[in-house]
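A.B. asks: with the sequence up front, the predicted model follows.
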Amino acid sequence: MKGVLKKVDYFCSRKYLYLKNLKCSVKERIIKNIDAMGTIEVIMIIAVLVALALIFRNFIGNLASKIFNKIQEKTDTAIDDL
């Protein structure tokens, strides 16, 4: 029985140390701001793309309409040729 308790105690102490180190690692990452730069960069890129979409909203809408009209014309002619 003592052997089992010793193994359980060893396992628990190893997990405790692992979680403690993980906690310190997370704190260090937050303090040093290691991963935040990637997040900020992605947010900035998305913001620029949204701004461009809003600025060119009418142009993009007209272009999409023309493209879909061309597709519709081509499919109509292809169906009529059958």
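C.D. replies: Thanks, I have it. Bear in mind the structure is a predicted one, so any value in this text is a computation, not a measurement.
A.B. asks: which stretches of this protein have low pLDDT?
C.D. replies: Applying pLDDT under 70 to the chain picks out residues 1-37.
A.B. asks: again, 50 this time
C.D. replies: Scanning the chain for pLDDT under 50 picks out nothing.
A.B. asks: where do the helices sit along it?
C.D. replies: Ranges of helices within the chain are 2-32, 36-55, 57-81, based on DSSP state H.
A.B. asks: what's in contact with the last one?
C.D. replies: Which is helix 57-81. Outside helix 57-81, the residues that touch it by CB atoms under 8 Å, 6 or more residues apart in numbering are Ala53. To be clear about C-beta, it is placed using only N, CA and C from the backbone, and glycine gets the same treatment.
A.B. asks: tally of neighbours for Ile60?
C.D. replies: 13 (other CB atoms under 10 Å).
A.B. asks: Ile40 versus that one, what's the distance?
C.D. replies: Ile60 sits at a distance of 27 Å from Ile40 (criterion: CB to CB, to the nearest Å).
A.B. asks: and the chain, what are its domain boundaries?
C.D. replies: Taking automatic domain parsing as the reference, the chain has its domains at 1-34, 36-82.
A.B. asks: now Leu82: how far from Lys74?
C.D. replies: From Leu82 across to Lys74, the span is 13 Å (CB to CB).
A.B. asks: neighbour-wise, which of the two wins?
C.D. replies: Using other CB under 10 Å, the more surrounded residue of Leu82 and Lys74 is Lys74, with 10 against 4.
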